[in-house]
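Undergrad: What shape does this take:
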Amino acid sequence: MRQVIIYPGEDGYWVAECPSLPGCVSQGKTKEDVIQNIRDAIELYIEALADDGLEIPEERFESILVAI
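TA: Model (predicted):
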């Protein structure tokens with residue numbers, strides 16, 4: 001299980017990032033698209049690390065909302 005952050009991009013697409021996997025970013029036209037795309041990206045990212053014999057980072061992030 002991985003924490004993912006999604007937000008609207010400047011081009012009208014949604015952007016998703018997985019902070020515990022540096023550089024694991026995806027986008028999609030809708031929220032549903034971006035969620036599926038980041039799931040695929042996470043799976044491929046972890047598979048590539050395993051194929052290269054590299055350590056798979058643990059999920060280590062917490063999130064909070066800060067009212068300003």
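
Undergrad: List the contacts of the residue lying closest to residue 14 once chain neighbours are set aside.
TA: Once flanking residues are discounted, residue 14 sits nearest to residue 34: 3.9 Å by CB to CB, 6 or more residues apart in numbering. (Each C-beta comes from the backbone N, C-alpha and C, glycine too.) Residue 34 is in contact with 6, 13, 14, 15, 16, 26, 27, 28, counting by CB atoms under 8 Å, 6 or more residues apart in numbering.

Undergrad: Export these as TSV, with columns for neighbour count.
TA: Shown next, in TSV, are these (neighbours: other CB atoms under 10 Å):
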residue	neighbour count
6	16
13	15
14	20
15	18
16	24
26	22
27	17
28	18
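
Undergrad: So which of these is the closest to residue 41?
TA: residue 26 (4.5 Å; CB to CB).

Undergrad: and the residue nearest to residue 14, that's in a strand?
TA: No: under DSSP: H, G, I helix; E, B strand; the rest coil, residue 34 falls outside any strand and is assigned helix.

Undergrad: and it, what pLDDT?
TA: Predicted confidence (pLDDT) for residue 34: 98.

Undergrad: next one: the one 4 residues further on
TA: The predicted local confidence for residue 38 comes out at a pLDDT of 98.

Undergrad: Who is the closest residue in space to it that isn't next to it in sequence paired with across the strands?
TA: With CB to CB, 6+ apart as the criterion, residue 38 has its nearest non-adjacent residue at 3.8 Å, and that residue is residue 16. Residue 16 has these beta-bridge partners by DSSP bridges: residue 6, residue 26.

Undergrad: Pretty sure residue 16 sits against residue 33.
TA: No: when contacts are counted by CB atoms under 8 Å, residue 16 is not listed as touching residue 33 (9.6 Å).

Undergrad: and residue 46, how far is that from residue 7?
TA: 23 Å (CB to CB, to the nearest Å).
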